[in-house]
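K.L.:
Task: produce atomic coordinates for the following.
(chains A and B)
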Amino acid sequence: MNKQITARSKDYAQWYNDLIIKGELADYTPVRGAMVIRPYGYALWENMKEVLDKKFKETGHQNAYFPLLIPKSFLNKEAEHVEGFAKECAVVTHYRLKNSVERNVLEVDPEAKLEEELIVRPTSETIIWNSYKKWIKSYRDLPLKINQWGNVVRWEMRTRLFLRTSEFLWQEGHTAHATSEEAIKETQQILDVYADFAENYMALPVIKGVKTASERFAGAVNTYCIEALMQDGKALQAGTSHFLGQNFAKAFGVQFANKENKQEYVWASSWGVSTRLVGGLVMAHGDDNGLVLPPKIAPIQVVIVPIYRNEEQKESIDKKADVWLSELRKAGVRAKYDDDETTRPGWKFAEHEKKGVPVRLAVGPRDIENEQVEVSRRDKEGKERYPMDGLVARVQNLLETIQTDMFENAKTFRDEHITAVDDFDTFKKVLEKKGGFISAHWDGTAETEQKIKELTKATIRCIPLNNPQEEGECIFSGRPSKERVLFARAY
RNA sequence: CGGGGUGUAGCGUAGCCCGGUAUCGCGCUUGGUUUGGGACCAAGAGGUCGUAGGUUCGAAUCCUGCCACCCCGACCA
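P.N.:
From the prediction side, this is the model:
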């Protein structure tokens, strides 16, 4: 039924890279760990952005833009934050190059050394809180809810297309509130936005939860996350939303006068999703023929491929296609008529499969004669024929069906890969043979978490929200525990 | 940063062990026939063999250094 036959049996990393490169989402670059997002990949990202941006605005956020370069001293203001990011920052030390005449090379001008080095933002908390200090004086200035679309640079040791590139695109929201409750509510609201987006647009089932202390964002009091499962059984953190407490407010001295005219530190949240989501999409849905994109965010939702032997036939197909195309577009469907005369139908079929186009309509002389169209959906094998009459409505319907089927399919896989385990031997076996999430008791200590990580490479992905409380013994230490947490190997 | 691997035409590769001036496929160009699952025939174009040096009459091949990329680990969205 499903085309996902050997996707996980092959070399997974190779399969993943092939999908991205042959699917024309991205390319490698001469810069270590960076990537070029190609037009098709960028169109996909733009569709994702558009949906998220609308949701942010609906929930009262505004967009703004802050600088790429941050004075080094800013990073230093929040102790844990430095700790977390210092190891992976690109640093600007000079502002000029000069042409060395004698050696005929362009070199850094030693005369142009910056007094204070600048770092290329790995995240923007510090530069944003520097502004918030100026903007927030009174409770009337709160809440302040700002989102930024931009790029950040993290000099990761090991990179992987989309999942961990040294430069990536993302959105980062930064909010300030008068009360702790309100900031926490904001943090949770955004988590819901992320989960809704992942499940209903990307067809990617996620588990909402909170991170353990050791997996928490550097500088956060609490980190909420959505965790997804990939086809090779590894987990992917798909988005995070942090409750920052008053940490950044204190570090940057952001106080406001409350209604009683007393000075208080503001409460904060920050949250983000990145182009990593594209990687998650590829790994969660792709098969051996290429990408499989969910209709709601696919750059091309429907492609029409003409099949003809002569000009006369082509013209009659053109006529039909023009009508469908305008009807589809009127109905809000992103449709393409692939009438490229330099490639043949079989080529086009394969091409659009690689690119994950959800629905393909093929029309040839036989179809014209029978008043029907050959329809094939990317997420399932096989072809059907639809009558030309009422075609657009049926195609729209099919797109919705594909969207929900893709989600259900991924959810079934995910649910089958959550295994409750009560002893460490089984834990290791399940991890090795089956993969996926393991639901197990944990004694709540960082030491145990660390030991398990060292022994198995599995980390605690999250403590699910609304987790049922249940007495038990820690899988590793045997100490008492009152709830299960989710372990997995992760990207 | 540690371990492994790979660099040969736009892409994928053979040749390397055992030294004699580079193979094949895809793509590209031109012409023709084709077009319901990556067409076929014919003719063509395209190369500082990653880079620097060494050995040699002669190096893609042997030796040394360097660089880049991929994979695995540590780190992370």
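K.L.:
quick one: secondary structure of the residue of the stretch 201-350 of chain A found nearest RNA strand B?
P.N.:
Closest approach between the stretch 201-350 of chain A and RNA strand B, counting by CB to the nearest atom of the strand: residue A:346, at 2.8 Å. From N, CA and C alone the C-beta is placed, and that goes for glycine too. Under DSSP: H, G, I helix; E, B strand; the rest coil, residue A:346 falls in the helix class.
K.L.:
Relative to residue A:305, how far out is it?
P.N.:
According to CB to CB, to the nearest Å, residue A:346 and residue A:305 sit 10 Å apart.
K.L.:
So for those two, which sits in the more crowded spot?
P.N.:
Taking neighbours as other CB atoms under 10 Å, residue A:346 and residue A:305 compare with residue A:305 leading, 27 against 10.
K.L.:
if I've got this straight, that one is in a strand?
P.N.:
Yes. Counting by three-state DSSP, one finds residue A:305 located in a strand.
K.L.:
Let me know whether it touches residue A:345 as I believe.
P.N.:
Yes. Contact criterion CB atoms under 8 Å: residue A:305 and residue A:345 qualify, at 5.6 Å.
K.L.:
tell me, what's touching those two both at once?
P.N.:
residue A:362 (CB atoms under 8 Å, 6 or more residues apart in numbering).
K.L.:
hey, where'd the helices end up in the stretch 51-200 of chain A?
P.N.:
Along the stretch 51-200 of chain A, counting by DSSP state H, counting those that start in this stretch, helices occupy A:72-75, A:79-85, A:125-135, A:180-200.
K.L.:
Out of the ones you listed, which gets the lowest mean score?
P.N.:
Confidence, taken as mean pLDDT, is least for helix A:79-85 of the helices of the stretch 51-200 of chain A (a mean of 84).
K.L.:
can that one be found next to RNA strand B?
P.N.:
Yes. Using CB under 7 Å from any atom of the strand, helix A:79-85 reaches RNA strand B at residue A:84.
K.L.:
can you list contacts of that helix?
P.N.:
With CB under 8 Å, 6+ apart as the test, helix A:79-85 has contacts from A:75-76, A:122-123, A:125-126, A:154, A:217-219, A:247-248, A:251.
K.L.:
export these to CSV and tack on neighbour count and distance to residue A:59?
P.N.:
Below are the contacts of helix A:79-85 laid out as CSV (neighbours: other CB atoms under 10 Å; distance: CB to CB, whole Å):
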residue, neighbour count, distance to residue A:59
A:75, 21, 29
A:76, 13, 33
A:122, 22, 26
A:123, 22, 21
A:125, 31, 20
A:126, 26, 25
A:154, 20, 27
A:217, 24, 21
A:218, 19, 26
A:219, 25, 23
A:247, 23, 23
A:248, 27, 21
A:251, 21, 26
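K.L.:
any weak-confidence spans in the stretch 1-150 of chain A?
P.N.:
For the stretch 1-150 of chain A, applying pLDDT under 70 flags the ranges A:1-10, A:30, A:100-105.
K.L.:
Which strand or helix spans the residue of it found nearest RNA strand B?
P.N.:
Across the stretch 1-150 of chain A, no residue is closer to RNA strand B than residue A:32, which sits at 3.5 Å (CB to the nearest atom of the strand). Under the criterion DSSP states H and E, no helix or strand holds residue A:32.
K.L.:
Next, the contact list for it, please.
P.N.:
Taking CB under 8 Å, 6+ apart, we find residue A:32 in contact with A:159, A:166.
K.L.:
Tell me what angle the helix of greatest length in chain A forms with helix A:180-200.
P.N.:
Of all the elements of type helix in chain A, the one with the most residues (DSSP state H) is helix A:391-416. Relative orientation of helix A:391-416 versus helix A:180-200 (axes from the mean of the first three to the mean of the last three CA atoms, to 10 degrees): 120 degrees.
K.L.:
which other helices and strands contact whichever helix or strand comes after helix A:391-416?
P.N.:
Scanning forward in sequence from helix A:391-416 by DSSP H and E, the next helix or strand is strand A:418-420. The elements that strand A:418-420 packs onto, with contact taken as 3 or more CB pairs under 8 Å, 6 or more residues apart in numbering; DSSP states H and E, are strand A:437-441.
K.L.:
Not counting its neighbours along the chain, what's nearest residue A:246?
P.N.:
Once flanking residues are discounted, residue A:246 sits nearest to residue A:265: 4.3 Å by CB to CB, 6 or more residues apart in numbering.
K.L.:
Quick check, the one you found in contact with residue A:248.
P.N.:
No. Assessed by CB under 8 Å, residue A:265 is found out of contact with residue A:248, at 9.3 Å.
K.L.:
Need the residues touching each of these two.
P.N.:
In contact with both residue A:265 and residue A:248: residue A:254, using CB under 8 Å, 6+ apart.
K.L.:
re the thing from before, against RNA strand B, which of the contacts of helix A:79-85 make the cut? List them.
P.N.:
Restricting the contacts of helix A:79-85 to those near RNA strand B by CB under 7 Å from any atom of the strand leaves A:154, A:217-218.
K.L.:
Would you mind writing the CA trace of stretch A:263-281 as PDB?
P.N.:
What follows is stretch A:263-281 as a C-alpha-only set of coordinates in PDB (Å, rounded to 0.1, in the frame of the first residue of the first chain):
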ATOM      1  CA  GLN A 263       9.600  48.700  40.200                       C
ATOM      2  CA  GLU A 264       9.400  45.000  39.200                       C
ATOM      3  CA  TYR A 265      11.500  42.900  36.800                       C
ATOM      4  CA  VAL A 266       9.500  41.600  33.800                       C
ATOM      5  CA  TRP A 267       8.800  38.000  33.000                       C
ATOM      6  CA  ALA A 268       9.900  36.600  29.700                       C
ATOM      7  CA  SER A 269       9.400  33.900  27.100                       C
ATOM      8  CA  SER A 270      11.300  33.100  23.900                       C
ATOM      9  CA  TRP A 271      10.500  30.500  21.300                       C
ATOM     10  CA  GLY A 272      11.500  29.400  17.900                       C
ATOM     11  CA  VAL A 273      11.200  27.000  15.000                       C
ATOM     12  CA  SER A 274      13.700  26.700  12.200                       C
ATOM     13  CA  THR A 275      14.400  25.300   8.800                       C
ATOM     14  CA  ARG A 276      15.100  22.100  10.700                       C
ATOM     15  CA  LEU A 277      11.300  21.600  10.300                       C
ATOM     16  CA  VAL A 278      12.000  21.000   6.600                       C
ATOM     17  CA  GLY A 279      14.400  18.300   7.500                       C
ATOM     18  CA  GLY A 280      11.800  16.700   9.800                       C
ATOM     19  CA  LEU A 281       9.300  16.800   6.900                       C
END
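K.L.:
Quickly check: that stretch near RNA strand B or not.
P.N.:
Yes. Against RNA strand B, stretch A:263-281 shows contacts by CB under 7 Å from any atom of the strand at A:272, A:274-276.
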